[in-house]
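**Q** Fold the following and give me the result.
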Amino acid sequence: MSGLDAKSICSRKARILVNIEFSSYYLSELRADYSVILIRLVRSVCYLRLKRSFTMVKYLLALVISTMIMGCKNETAEPVSDASAVEERDAQVELSPDFPSGFLIEYIQHSKGKNFTEEALYRKVKEWNEILDRMENKLLFSNILMPVKPDGKIIGHFAEGELNFTWAIGWPSMEVRDAAWKEWMEIGHQQWQDSIEGIFTYDPSTVIFMPTIGRQPSVENVSENAVVEFNLCTFKNSKNHNDLASFRQKFDLFVNDYEDQNGVTSYFYFLLDFAGELAPAVKEEVDKKEWSGYFWANVWSSMDERDSGLEFYSASDLAKQADALSSCVSNLATAKRIRTES
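**A** Coordinates of the predicted model:
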């Protein structure tokens, strides 16, 4: 070979190098300063080859992620000293200048009324956006989450089966969230209550999470709806967050290998930490108090992309390792963006 072109530099070996940039095994043979320069160069060339320009965090907002079970225990991951690859990558995303570190996502459970239709819902969405246009305190984004199966459930116990759906709102901070809700009660609450009568109702007891991006997507999602799988996972056999961090490193490399064989995808995943107040009754539930685990959400651009990826994953040894790590309860939904603040 006379040199590296865009195709060869984005080969499997080059892409693996990018995604294990903080692995001591691979970097031990390179000087730290030159290795960082090399990694960034490879990533830049690969992104230019894809001819796509997008900001990771804005993409996250467009898809909106969403959530598990209302009334979950606030389980904060313990520090993982031997998982610098995972921690460094997360920190880079969270500190992006396009999006505030420590942003929140609030989920509001809804129940469909007798006059509910998709057309009626999106007439209300238009009205809701008009109210928000008059507000000084701004959210980051909002999405509507619908269960994929009519009898499915996304979050909580307010609406079971085919009646439930969830309104997700992203906030830059808890302070902005609190100020916005106060402003909403003053200028929009009564109008909204009168307007939605007979179409849907909602539970004022919301649930709030702080998300942490796991793996970044390789390409931007251009579909109208994302497919989101929410997993509430409980550790097995004294496993803990150290084991989860180790699994995540292996999983990231596994996804890279899949994309090398099948082409790049818009897949990414994120983890959620509870960030709000639990209802008093929930705090005393034994299963919540004693729970040890994590929330893991997978996001795809389509059901076909999801099915193809899961088929590849299910046949792998990594799936067996995941089964040994934890047991998970999964729920599937679509996420449609209804607002993004510029």
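**Q** If we go by neighbour counts, what in the longest helix anywhere in the chain is buried?
**A** Counting residues, the longest helix found in the chain (DSSP state H) is helix 241-262. Buried residues in helix 241-262, counted by 16 or more other Cβ atoms under 10 Å: 241, 243-249, 251-259. (Glycine included, C-beta is placed from N, CA and C.)
**Q** Now do A315 against G309, distance only.
**A** In this structure, A315 and G309 are 11 Å apart, going by Cβ to Cβ, to the nearest Å.
**Q** Who has more neighbours out of those two?
**A** Neighbour comparison, A315 and G309: the larger count goes to G309, with 18 against 9 (by other Cβ atoms under 10 Å).
**Q** from what I can see the more buried one touches V299, true?
**A** No. Using Cβ atoms under 8 Å, G309 is not in contact with V299, being 11.0 Å away.
**Q** Check the secondary structure at Y122 for me.
**A** helix (DSSP: H, G, I helix; E, B strand; the rest coil).
**Q** ok, now which ones touch it?
**A** With Cβ atoms under 8 Å, 6 or more residues apart in numbering as the criterion, no residue contacts Y122.
**Q** Repeat the analysis, applying 10 Å as the threshold.
**A** Neighbouring residues of Y122 by Cβ atoms under 10 Å, 6 or more residues apart in numbering: W128, I144, K336, I338.
**Q** could you point out the longest strand in this structure?
**A** strand 326-340 (DSSP state E).
**Q** mind listing the strands for the chain?
**A** Counting by DSSP E, the strands of the chain are 104-112, 141-147, 164-171, 200-202, 207-213, 225-235, 268-274, 293-300, 326-340.
**Q** Save the contacts of Y122 as TSV, and put in pLDDT, neighbour count and distance to D151 too.
**A** Listed next are the contacts of Y122 as TSV, based on pLDDT from 0 to 100; neighbours: other Cβ atoms under 10 Å; distance: Cβ to Cβ, whole Å:
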residue	pLDDT	neighbour count	distance to D151
W128	98	20	27
I144	95	21	19
K336	93	17	20
I338	94	19	24
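**Q** As TSV, the strands of the chain with distance to I154 would be great.
**A** Listed next are the strands of the chain as TSV, based on distance: least, Cβ to Cβ, whole Å:
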stretch	distance to I154
strand 104-112	8
strand 141-147	5
strand 164-171	5
strand 200-202	13
strand 207-213	11
strand 225-235	7
strand 268-274	13
strand 293-300	11
strand 326-340	5
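**Q** what's the neighbour count on G263?
**A** 10.
**Q** Settle this for me: it is touching V219, isn't it.
**A** Yes. Shown here, G263 and V219 form a contact pair, counting by Cβ atoms under 10 Å, at 9.3 Å.
**Q** Can you give me the buried ones in the longest strand of the chain?
**A** Neighbour count says strand 326-340 has S326, C328, N331, L332, A333, T334, A335, K336, R337, I338, R339 buried, by 16+ other Cβ under 10 Å.
**Q** wait, which of those residues is closest to I196?
**A** I196 lies nearest to I338 out of the buried residues of strand 326-340, by Cβ to Cβ, at 14.6 Å.
**Q** how about that closest one, what does it touch?
**A** The neighbours of I338, taking Cβ under 10 Å, 6+ apart as the test, are 64, 121-122, 125-126, 128-129, 141-144, 167-169.
**Q** Give me the distance between it and F270.
**A** From I338 to F270 the distance is 20 Å (Cβ to Cβ).
**Q** how near is K126 to V264?
**A** Taking Cβ to Cβ, one finds K126 at 35 Å from V264.
**Q** okay, and for the chain, where does confidence drop off?
**A** Scanning the chain for pLDDT under 70 picks out 1-99, 155-161, 276-290, 342.
**Q** If K112 is in a bridge, with which residues?
**A** Using DSSP bridges, the beta-bridge partners of K112 come out as F200.
**Q** Surely it is in contact with P150?
**A** No. Between K112 and P150 there is no contact, the gap being 11.1 Å when judged by Cβ under 10 Å.
**Q** anything in contact with each of G309 and V299?
**A** Y267.
**Q** returning to that earlier point: more crowded one of K112 and P150?
**A** Using other Cβ under 10 Å as the criterion, K112 and P150 rank with K112 on top: 17 against 9.
**Q** hang on, the earlier thing: among the contacts of Y122, which one lies nearest to Q191?
**A** Of all those, Q191 sits closest to W128, with 9.9 Å by Cβ to Cβ.
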